[in-house]
Structure formats: C-alpha cells, structure tokens
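*Asks:* No sequence on hand, only this structure:
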Ligand code: MCA
Ligand code: AMP
C-alpha cells in the first residue's frame with residue numbers, strides 16, 4: 001500500500017464533485033451546505049488559524065456540539081497543517097483539565113455555555129486562543145473567520161505529519177493521545193472506499209458523534225472521499241433515520257443504534273429498499289441483532305473492527321465473491337493490514353486458537369502523544385501493535401474478537417475505563433477500595449456496576465457515590481448501579497477477580 005505525501009484535505013478536496021454548488025450536507029433541520037460552502041468556510045477558518053502565528057504542529061482542541069461548522073473547522077485544521085484534537089462533549093472539567101494539560105493546545109474551541117470554565121482552564125495551561133462555536137451557526141470562531149479570505153492554499157504535508165490526536169484511555173485509566181498522521185487516515189479512507197464499494201450517487205446517513213473515529217473518520221471520510229451527499233443528524237433519532245433511509249444508500253452505527261432501530265415498527269424492507277450497505281462496529285454486534293436485522297430488512301449488516309490507534313483493521317466482505325458476511329466475526333484483515341494472533345510468550349498461534357491480536361499497516365498510528373515509554377510497550381520488536389484485544393482467526397481466515405485483555409467496558413459504543421472510574425471512587429470519603437465491572441445491557445451492550453468496599457467503621461451510600469461521580473465525569477461513564485460489599489474477591493496473587501463480580505451482578 002503506497003502512502004502518498006499529501007495533505008489529507010487536498011485528497012478529500014480532489015474528490016469533491018465538479019458541480020461545487022451541489023448539496024454536500026443536508027441537516028436534519030433543513031439546512032443545505034454545498035461543496036463550495038465546505039471549501040470556502042474551511043479556507044476562511046484556515047486563514048484565521050494561520051493568522052494566529054501558531055507553532056508548527058499546533059494542536060486545535062475542539063469540544064463542541066455536532067454541527068457542519070465543526071466539520072468545517074476539522075477541514076480547516078487539516079488544510080492549515082495543524083493537529084485536530086476532538087473531545088467528547090460529555091467530558092467535564094476534571095477530564096478537560098487533563099486533556100488540555102497533556103496536549104497543550106494552542107487553540108481551544110468550545111461551546112459558549114462552557115466558555116467560562118473552559119477558558120479558565122485553557123488560559124491557565126498556557127493556551128492563548130479560546131473561541132466559541134455553537135450548533136446554531138453562532139460563536140466567536142465564525143465571527144472572526146467571517147473577516148478572513150475564502151482563498152487559501154492548502155499547506156503541504158507529508159504522509160508522516162500529524163493530522164489528529166484522539167484520546168483513548170489505557171487500562172491505567174489515564175487517557176493517551178493516539179497520534180494519527182495524514183498518511184494513516186488517507187490510506188485507510190482509500191482502502192475502505194474500494195473495499196465497501198462506494199459508488200457514484202451514494203448518500204450517507206451520518207448519525208454518529210464526530211469526536212471519535214467512527215463518526216469523524218470512517219463515516220465522514222467515506223462520504224467526502226466519494227463526493228457523496230450526507231444526511232447530517234445532530235443526534236441519533238431512530239425515527240429520523242428511518243425517514244431518510246428511502247433517499248440514502250449507506251448507514252454506519254455502533255450496535256446500540258441497530259438495537260434501537262429494531263425496536264421501530266417502521267423498520268421493514270420497504271424502508272430500506274434504497275439502502276445498499278449497513279456497517280456496524282466500535283463494539284461487539286450480538287448475533288441476535290445480526291440475525292434480527294437480516295430477517296427484518298433482508299440486509300446483512302457488515303461488521304468491521306477498528307481502534308483509535310489504527311482506524312479500521314478488518315472488515316467483513318462487501319462483495320459476495322469475497323465471501324459471506326459472518327455474524328460474530330469482524331471479517332478479514334483489510335488490504336495492507338497484517339494481523340496475527342500470539343500467545344503471551346510471543347508465539348504465533350494456529351487457526352482457531354485464542355490469543356492477543358496484533359496488527360501492522362500504514363493505518364497504524366505513530367504512537368501516544370509524549371508517552372514514548374507507553375508507546376514502546378505497545379509494539380513488538382518486529383513492529384506489530386498489540387491491540388489488547390483477544391481473539392482468533394478461523395479456518396476460513398475470519399477474525400473473531402472474543403474478549404479483551406485490557407480492562408475496558410464498551411457502553412453504547414463509548415469506552416469506559418474501570419481504572420479511571422475506580423480512581424475517582426477510591427478518593428471518596430469512607431471508601432477503602434472499589435471495582436467497576438461490565439454487565440450485559442440490552443440497549444448499551446454492557447454497562448458498569450460499581451462494587452465498593454467501605455473503610456472499617458465507615459458507611460458508604462451508593463447514591464452518594466453515583467452523585468459524586470456524576471458531578472465530575474462524563475454522563476456515559478457513570479455506573480448504572482453501585483453496590484456496597486464487605487470485601488472484593490481476590491485470587492492468590494491478590495488480584496481482584498472481576499470475572500466473579502461480573503457473574504455475581506450480571507442479572508443487575
Ligand atoms: C448516553 N447514555 C449512556 C450512553 N449514552 N450511558 C451509557 N452508555 C452510553 N453510550 C446515558 C446518558 O448518560 C443519559 O443518562 C442517558 O443515557 C440518555 O443520554 P443521551 O445522550 O440522550 O443518550 P442517547 O442519545 O440515547 O445516546 C446513546 C447513543 C450514544 C446514541 C448510543 O451513546 C452514541 O451516539 N454512541 C456512539 C458512540 C461512538 O460514536 N462510538 C465510536 C467510538 P443520564 O440522563 O443519567 O445522564 S470509535 C471506536 O470505538 C473505534 C475506533 C471504532 O471501531 O469505531
Ligand atoms: P477505541 O478505544 O475507541 O479506539 O475502541 C477500540 C476498541 O473497540 C477495540 O480495541 C475493540 O476492543 C473495540 N471494537 C471495535 N470494533 C469492534 C467490533 N466490531 N467488535 C468488538 N469490539 C470492537
């Protein structure tokens with residue numbers, strides 16, 4: 001896979017349709033943005049960024065509600081040669097303080113409702129420029145960019161130059177910034193364009209957040225690199241998605257989106273008659289969801305596997321001639337991706353043997369931002385990245401993920417790191433220790449249950465624990481249940497046996 005030395009924006013721009021006045025994005029409140037709008041607005045914002053006299057490789061941290069203007073800011077960051085750092089809108093001050101301290105962005109863009117506390121944190125950390133951007137086309141970023149020229153020459157970038165940093169927490173609980181280059185992102189987008197059969201006339205329904213890989217790269221780059229129109233949904237609403245399906249061809253979602261669409265009576269063969277492709281990923285797609293979808297719509301969901309550190313790694317085949325799409329598997333390694341399964345001693349395992357999944361390819365990231373040690377630990381001597389996922393390759397070459405060696409809960413597609421939550425619980429008064437375990441949940445796939453041990457003589461109120469966490473952390477991270485116990489089950493090495501806790505509380 002030859003990776004070109006080109007700015008990712010230049011490659012995306014080259015794929016825009018000749019008719020620049022055609023509609024590129026239609027929002028769910030009826031706004032139409034043309035391809036020319038995307039190019040002009042991103043040029044103006046790029047000129048604004050370049051007028052700020054920022055250092056080479058400056059980070060642009062963005063925590064704003066989903067909007068087309070946020071996409072324009074992403075494209076502006078790329079074309080101006082800076083590094084885009086998207087942050088989950090649910091993050092609160094404790095999280096944002098960490099990200100700003102770790103990434104030291106030159107620019108922070110936040111929603112106006114958060115400007116008070118975000119700007120204080122940013123200025124304290126040395127950021128000199130804080131702008132606001134809201135999802136109603138207002139904010140100081142737009143006011144300032146309005147005075148900039150709409151002519152902009154895309155800054156040259158080599159394949160290895162940084163394009164984005166995406167934070168993904170490790171089992172240690174502290175988030176790590178995955179450094180993704182122009183080449184990582186473009187090579188993956190090009191592979192997926194071919195592999196998933198993107199074609200003239202495709203229309204994407206985009207209902208995912210754009211602060212993670214699935215929505216920001218896999219879905220958005222898919223449409224842009226094909227010059228395809230998008231139906232743009234600020235939030236996932238099953239009924240709205242169904243309304244748009246007859247005029248669309250591609251939909252991508254985490255399993256929870258499919259579970260919720262299946263609860264809609266309006267989901268039937270009629271509704272999906274125009275659709276060509278349903279993609280699922282970010283979390284395990286249950287077999288019942290896979291088969292229910294097939295029976296209800298006649299479509300076979302295409303499941304794929306990726307990571308923030310690697311974007312997409314494997315995919316079930318799109319073309320029948322390459323094989324069937326098999327539920328419970330994540331398909332084959334994508335062209336250019338080498339994938340192997342090893343045991344703990346570093347030995348390659350034969351087919352159907354379960355071990356650690358390791359990958360190599362032009363899509364695999366450079367490393368973690370300012371964490372050379374951690375980065376070294378996660379790569380093997382021969383350059384394979386250790387995903388932390390546990391799986392196998394079957395006799396037909398299909399990869400299946402059977403678990404994770406990293407302590408991680410994926411809830412509605414969002415990653416929740418027990419180590420991070422346990423850290424906050426353990427700081428609460430009266431708490432001796434705690435363990436957060438994932439239990440099955442019909443809607444979110446799995447959710448967290450906090451098991452808390454009070455200090456001798458102290459009493460701990462479960463509701464107080466949850467309320468304390470809610471005040472500090474993103475809402476999706478809050479355990480759905482909290483139980484207080486006298487002690488945690490431990491093995492002979494003193495390690496908490498989370499599997500026992502999962503078994504004990506799975507009915508919760
Ligand atoms: C919302 N809530 C959740 C979640 N989302 N609780 C647990 N897990 C969640 N994921 C809670 C909120 O705290 C709130 O509780 C209540 O549910 C309703 O909040 P709301 O925001 O209205 O929820 P929602 O609109 O129903 O959101 C569910 C959702 C959303 C649409 C499934 O979670 C979502 O868009 N997930 C997609 C995440 C994603 O893009 N993942 C890709 C990662 P309360 O009222 O108590 O506050 S990229 C990746 O994983 C790799 C690289 C890959 O392969 O793609
Ligand atoms: P993130 O940390 O946000 O990059 O999420 C990446 C993790 O999501 C992977 O390491 C897997 O554990 C999980 N993941 C992504 N896609 C799938 C999938 N199709 N099935 C199961 N797990 C998945």
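*Replies:* Yes, it's here. None of the values given here were measured: they were computed from a predicted structure. Ligands and ions are numbered 1, 2, ... in the order given.

*Asks:* Spell out which residues of the stretch 201-350 of the chain are next to ligand 2.
*Replies:* 281-284, 303, 305-308, 330 (C-beta under 6 Å from any ligand atom). Glycine gets a C-beta too; all of them are placed from N, C-alpha and C.

*Asks:* One more pass at 8 Å, please.
*Replies:* 212-213, 280-285, 303-310, 330 (C-beta under 8 Å from any ligand atom).

*Asks:* Would you check which of those are in contact with ligand 1?
*Replies:* By C-beta under 8 Å from any ligand atom, the members of these lying near ligand 1 are 212-213, 281-283, 304-308, 310.

*Asks:* circling back: just the ones in helices from the residues of the stretch 201-350 of the chain next to ligand 2, please.
*Replies:* If you go by DSSP state H, those have residue 213 in helices.

*Asks:* Okay, buried residues for the helix or strand hosting residue 437 please.
*Replies:* Assigned by DSSP states H and E, residue 437 belongs to strand 431-441. Using 16 or more other C-beta atoms under 10 Å as the test for burial, strand 431-441 gives 431, 434-439, 441.

*Asks:* starting at the chain centroid, how far to that strand?
*Replies:* The chain centre lies 24 Å from the centre of strand 431-441; the measure is C-alpha atoms, centre = their mean, to the nearest Å.

*Asks:* I'd like the average pLDDT over whichever helix or strand comes after that strand.
*Replies:* Tracing the chain past strand 431-441, the next element assigned as helix or strand by DSSP H and E is strand 445-454. Averaged across strand 445-454, the pLDDT comes to 96.

*Asks:* Sheet-wise, list the partners of strand 445-454 with their directions.
*Replies:* Taking DSSP bridges as the criterion, strand 445-454 sits next to strand 431-441 (antiparallel), strand 481-484 (parallel) in its sheet.

*Asks:* Check whether that strand comes into contact with ligand 1.
*Replies:* Yes: if you take C-beta under 8 Å from any ligand atom as the test, strand 445-454 does meet ligand 1, through residue 447.

*Asks:* Let me have the strands paired with strand 445-454 in a markdown table, extended by distance to ligand 1 and mean pLDDT.
*Replies:* Shown next, in a markdown table, are the strands paired with strand 445-454 (distance: least, C-beta to the nearest ligand atom, whole Å; pLDDT from 0 to 100):
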| stretch | distance to ligand 1 | mean pLDDT |
| --- | --- | --- |
| strand 431-441 | 8 | 94 |
| strand 481-484 | 12 | 96 |
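
*Asks:* ok, now which ones touch the residue of the stretch 1-150 of the chain found nearest ligand 2?
*Replies:* Across the stretch 1-150 of the chain, the shortest distance to ligand 2 (C-beta to the nearest ligand atom) belongs to residue 88, at 10.5 Å. Counting by C-beta atoms under 8 Å, 6 or more residues apart in numbering, residue 88 touches 63, 209, 211-212, 414, 474.

*Asks:* Take those and keep only those in strands.
*Replies:* If you go by DSSP state E, the contacts of residue 88 have 63, 414 in strands.

*Asks:* Of the contacts of residue 88, which is the most crowded?
*Replies:* residue 63 (24 neighbours; other C-beta atoms under 10 Å).

*Asks:* what about the residue nearest to it when sequence neighbours are not counted, neighbour count?
*Replies:* Distances taken as C-beta to C-beta, 6 or more residues apart in numbering place residue 87 nearest to residue 63, at 4.0 Å, with adjacent residues excluded. Number of residues near residue 87 (other C-beta under 10 Å) recorded here: 23.

*Asks:* try the one 4 residues further on
*Replies:* The criterion is other C-beta under 10 Å. On that basis, residue 91 has 20 neighbouring residues.

*Asks:* Helix or strand: which one has it?
*Replies:* Per DSSP H and E, there is no helix or strand for residue 91.

*Asks:* I'd guessed it sits against residue 99; true?
*Replies:* Yes: the pair residue 91 / residue 99 is scored as a contact, 7.4 Å apart, by C-beta atoms under 8 Å.

*Asks:* And stretch 268-276, what's buried?
*Replies:* Those buried within stretch 268-276 under the rule 16+ other C-beta under 10 Å are 271-272, 275-276.

*Asks:* ends of it, how far apart?
*Replies:* 14 Å (C-alpha to C-alpha, to the nearest Å).

*Asks:* and that stretch, what's its mean pLDDT?
*Replies:* 97.

*Asks:* and if you look at stretch 66-85?
*Replies:* Computed over stretch 66-85, the mean pLDDT rounds to 98.

*Asks:* now check that stretch, is it near ligand 2?
*Replies:* No: Stretch 66-85 lies apart from ligand 2 when judged by C-beta under 8 Å from any ligand atom; the minimum separation is 14.9 Å.

*Asks:* That stretch close to ligand 1?
*Replies:* No: Stretch 66-85 is not in contact with ligand 1 by C-beta under 8 Å from any ligand atom; minimum separation 9.6 Å.

*Asks:* isn't residue 97 right next to residue 120, touching?
*Replies:* No: assessed by C-beta under 8 Å, residue 97 is found out of contact with residue 120, at 9.8 Å.

*Asks:* Looking at those two, which has the bigger crowd around it?
*Replies:* Taking other C-beta under 10 Å, residue 97 and residue 120 do not tie; residue 97 has more neighbours (18 against 13).

*Asks:* give the contact list for whatever residue of the stretch 201-350 of the chain ends up closest to ligand 2.
*Replies:* Ligand 2 sits closest to residue 308 of the stretch 201-350 of the chain, with a gap of 3.4 Å, by C-beta to the nearest ligand atom. Residue 308 makes contacts with 166-168, 178, 180, 212-213, 365, as judged by C-beta under 8 Å, 6+ apart.

*Asks:* Greatest separation within these: which pair is it?
*Replies:* Farthest-apart pair in those is 212 and 365; separation 14.6 Å (C-beta to C-beta).
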